[in-house]
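Student: Quick check, what structure comes out for this input:
(one chain, ligands or ions: 1)
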Amino acid sequence: MIDDESFYDIFWDNTNLSRLNMAQFANQISLYQPEYKEQMLEYPDKPNLLPLPKSKINKITKNRVSDRDFTDKVMTKKELGLIFSSFYAWNSLEHRSYPSAGATYSLEIFCISYNTEILNNKILYYDAENHGLSSTNNSAPSWKESTEPLNYNNEISPNLLVIYVIFPSRVTNKYGDRGGRFALLEAGAAMQQLSLQIAESNVLKGVVLGGLMDDFWKSKLGLKDTDAQIACGFLIGK
Ligand SMILES: Cc1cc2nc3c(=O)[nH]c(=O)nc-3n(C[C@H](O)[C@H](O)[C@H](O)COP(=O)(O)O)c2cc1C
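Tutor: Predicted structure coming up:
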């Protein structure tokens, strides 16, 4: 520990993105040489092949893909219900659609609706207990104002931006620094839940965004004075 900062906090600070280091981040990505990327391990023995069952979940998973090709069709309230059911606390706040270390549930879901049947241009909080969207009273940036802090270059607006936010002390209070890993794993599980929901819908499309400017979004969501950490964004359209 250095002063009161945990190693997890230091890791988070070191991976912060802002207007100051975004160009450096872009430069690092441009230097990456994909021809040398390792995608799996190889062993001398041939794999013992397994049956590939056509289970319901496999059929849905086969359709999972990142799709950024959005249209201007309005997103309906029913579709919003489907999207956020990915995060619903189906069996009480301690048993939701995805697991959480020690049921600490450090992940919270916020969103901005750019083009939906209800609640446009507002910053909204998903209430996992009641399956509803609450307005935070914070004003939302337009799509045009959102692209740079999302590190995403596309004029075509999605219908919705979902923002995954971790409240790390909920889990580090129990597990110390290792809880930081658990928070990210929980966010990943919730990411996959939404990915499969979209794949199953045959109408919705979306893509995860990992390069958000942390402080911009934290401030926009009204979470400046909290320990909240921006994990990722998820654009959803039709
Ligand atoms: C953590 C994470 C961050 C990502 N960040 C971005 C991003 O910033 N911009 C983007 O266009 N795609 C982003 N993606 C989507 C990946 O590019 C995509 O999942 C990958 O190319 C595999 O393609 P597929 O999802 O269509 O199978 C991200 C995915 C993950 C899991």
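Student: Secondary structure element holding Asp215?
Tutor: Here Asp215 sits within helix 214-220, counting by DSSP states H and E.
Student: quick one: buried residues of that helix?
Tutor: Residues of helix 214-220 classed as buried by neighbour count (16 or more other CB atoms under 10 Å): Asp214, Phe216, Trp217, Lys218, Lys220. (Glycine included, C-beta is placed from N, CA and C.)
Student: Rounded mean pLDDT for that helix, please.
Tutor: In this model, helix 214-220 carries a mean pLDDT of 98.
Student: How about the residues of the chain by the ligand?
Tutor: Val65, Ser66, Val207, Val208, Leu209, Gly210, Gly211, Cys232 (CB under 6 Å from any ligand atom).
Student: residues contacting the first one?
Tutor: The neighbours of Val65, taking CB atoms under 8 Å, 6 or more residues apart in numbering as the test, are Ala199.
Student: Torsion angles phi and psi at it?
Tutor: phi -160, psi 150 (degrees, to the nearest 10).
Student: Begin at 56, not 1, for the rest of this chat.
Tutor: New numbering, starting at 56: the last item is Val120.
Student: Could you check how far it is from Lys260?
Tutor: Using CB to CB, to the nearest Å, Val120 is found at 8 Å from Lys260.
Student: what's downstream of the longest helix belonging to the chain, the next helix or strand?
Tutor: The longest helix of the chain (DSSP state H) is helix 233-256. Next in sequence after helix 233-256, counting helices and strands by DSSP H and E, comes strand 260-264.
Student: could you give the angle of that following strand to helix 233-256?
Tutor: When axes from the mean of the first three to the mean of the last three CA atoms, to 10 degrees is applied, the directions of strand 260-264 and helix 233-256 differ by 160 degrees.
Student: partner strands of strand 260-264, parallel or antiparallel?
Tutor: strand 284-292 (antiparallel) (DSSP bridges).
Student: Could you count how many residues lie near whichever residue of the chain sits closest to the ligand?
Tutor: Residue of the chain nearest the ligand, by CB to the nearest ligand atom: Gly265 (2.8 Å). By the measure other CB atoms under 10 Å, the count of residues near Gly265 is 9.
Student: Which pLDDT value belongs to it?
Tutor: In this model, Gly265 is scored at 98, pLDDT.
Student: What separation is there between the closest residue to it other than its chain neighbours and Glu90?
Tutor: Nearest residue to Gly265, sequence neighbours excluded (CB to CB, 6 or more residues apart in numbering): Cys287, at 5.3 Å. As defined by CB to CB, Cys287 lies at a distance of 27 Å from Glu90.
Student: Between those two, point out the one with more neighbours.
Tutor: Between Cys287 and Glu90, Cys287 has the larger neighbour count (other CB under 10 Å), namely 19 against 4.
Student: so that one sits right up against Asp269, yeah?
Tutor: No: if you go by CB atoms under 8 Å, Cys287 and Asp269 don't touch, sitting 10.9 Å apart.
Student: Flag the shaky bits of the chain, pLDDT-wise.
Tutor: The model of the chain has pLDDT under 70 over residues 56-58.
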